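J.: Everything below, folded, please.
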Amino acid sequence: MEIELRGVGFGYSSERMVLRDIDLRLQGPGLVCIIGPNGVGKSTLVKCMNGLLKPTEGEVLLNGRNLSEYTPKEVSMTIGYVPASTNDVFSMPVIDAILIGRHNHQRWRTTERDMELVRRAMEVMGITDLAMQGYNELSAGQHQKVTLARGLVQETEIMILDEPTANLDVRHQVYVTQLLRELADRGNKLIIMICHDLNIAARYASEVVVMSPPGVIDRKGPSEEVFTAELVRRIYGIDCEIVEFEGKPNVLLKSDFVDQ
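T.: Numbers count the residues shown, from 1 in each chain. From the prediction side, this is the model:
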């Protein structure tokens, strides 16, 4: 499984380019974390990867074939997408909200397999007790878990998640990221997620992609090679110390901001 971007640029006008000359090749299995400051184009990048946005320059290849040659259904059967937030206001029970993720696999009716996958996803996300509760009655954190469960039941070889740990407490941030890494390795999947926690990315990602202004790829590789005090200072404008912990870099932030 592979996504490749060749010379990709995206802008809402020639004066408002969000992405510039992106050359990037991501292969599975593995968990890829995309990091970078706010407004640098991370969400735009992943939307170009799954066809929600069409690049104004360059091309996107999915498993060696131009993404524009796929039908929308073919893309959705290959790439699962979990957005950063959703405006969904369902009056339906949680179990039905998750079942929506099986839409592309269903024919005329819901099968036993569909329901088994939904049940497993609820168990994994720890929301079995919410199965019959109204979706619109949930907290922000519970909404996030339901959205993740909906992504899990899609059974795609590639998953793209835009800030999947948003609205989750620290324990569940770690749990979800560790789960995604295990799913990537055991399930032979390519999982791509946008992440703002540098230490979570450093610990669990098999590969890290760093974006910097003005919408370019700054660096890509294993966390041990990517994370340096110089990079954090240059990208985020804050001093830090990098300490190795259990073989992975750990970013210790200082209170000193860097003039940029």
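
J.: Going by C-alpha atoms from here, please, whenever you check contacts or count neighbours.
T.: Noted.

J.: Quick check: Asn199 touching Glu244?
T.: No. With the criterion set as Cα atoms under 8 Å, Asn199 and Glu244 do not qualify as a contacting pair; they are 11.0 Å apart.

J.: what touches both of the two?
T.: Between them, Asn199 and Glu244 share these contacting residues under Cα atoms under 8 Å, 6 or more residues apart in numbering: Asn250.

J.: Tell me which of the two has more neighbours.
T.: Neighbour tally, Asn199 and Glu244, criterion other Cα atoms under 10 Å: the higher count belongs to Asn199, 17 against 11.

J.: Confirm that that one lies within a helix, as I assumed.
T.: Yes. Per DSSP: H, G, I helix; E, B strand; the rest coil, Asn199 lies within a helix segment.

J.: residues touching it, list them.
T.: With contacts defined as Cα under 8 Å, 6+ apart, the neighbours of Asn199 are Pro249, Asn250, Val251.

J.: Go again with 6 Å.
T.: Remark: with contacts taken as Cα atoms under 6 Å, 6 or more residues apart in numbering, Asn199 is in contact with Asn250.

J.: how much distance is there from stretch 233-243 to the middle of the chain?
T.: A distance of 23 Å separates the C-alpha centroid of stretch 233-243 from that of its chain, computed with Cα atoms, centre = their mean, to the nearest Å.

J.: In space, what's closest to Ser250 - neighbours in sequence excluded?
T.: Actually, residue 250 is Asn rather than Ser. With Cα to Cα, 6 or more residues apart in numbering as the measure, Val243 is the residue that lies nearest to Asn250, at 5.1 Å, once sequence neighbours are left out.

J.: Given the helix or strand harbouring the one you found, what are its sheet partners and their directions?
T.: Here Val243, judged by DSSP states H and E, is contained in strand 238-245. Based on DSSP bridges, the strands next to strand 238-245 in the sheet, each with its direction, are strand 248-257 (antiparallel).

J.: domain ranges for this structure?
T.: The chain is divided into the following domains under automatic domain parsing: 2-226, 227-260.

J.: what is the mean pLDDT for the first one?
T.: The one in question is domain 2-226. If you average the pLDDT over domain 2-226, you get 90.

J.: Return the alpha-carbon coordinates of the strand holding Val243 using PDB.
T.: These are the backbone C-alpha positions of strand 238-245, laid out as PDB (Å, rounded to 0.1, in the frame of the first residue of the first chain):
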ATOM      1  CA  ILE A 238      10.800  27.300  21.300                       C
ATOM      2  CA  ASP A 239      13.900  25.900  23.000                       C
ATOM      3  CA  CYS A 240      14.000  22.300  24.100                       C
ATOM      4  CA  GLU A 241      16.200  19.500  25.200                       C
ATOM      5  CA  ILE A 242      16.100  16.100  23.500                       C
ATOM      6  CA  VAL A 243      16.500  13.200  25.900                       C
ATOM      7  CA  GLU A 244      16.500   9.600  24.900                       C
ATOM      8  CA  PHE A 245      14.000   7.400  26.800                       C
END
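
J.: In this structure, where's the longest helix?
T.: Ranked by residue count and defined by DSSP state H, the top helix of the chain is helix 170-186.

J.: Any buried residues in that helix, and which?
T.: By neighbour count with 16 or more other Cα atoms under 10 Å, helix 170-186 contains the buried residues His172, Gln173, Val174, Val176, Thr177, Gln178, Leu180, Arg181, Glu182, Leu183, Ala184, Asp185.

J.: how about the helices in the chain?
T.: Along the chain, the segments classed as helices by DSSP H run 42-49, 72-78, 94-99, 112-125, 140-152, 170-186, 198-204, 223-226, 229-236.
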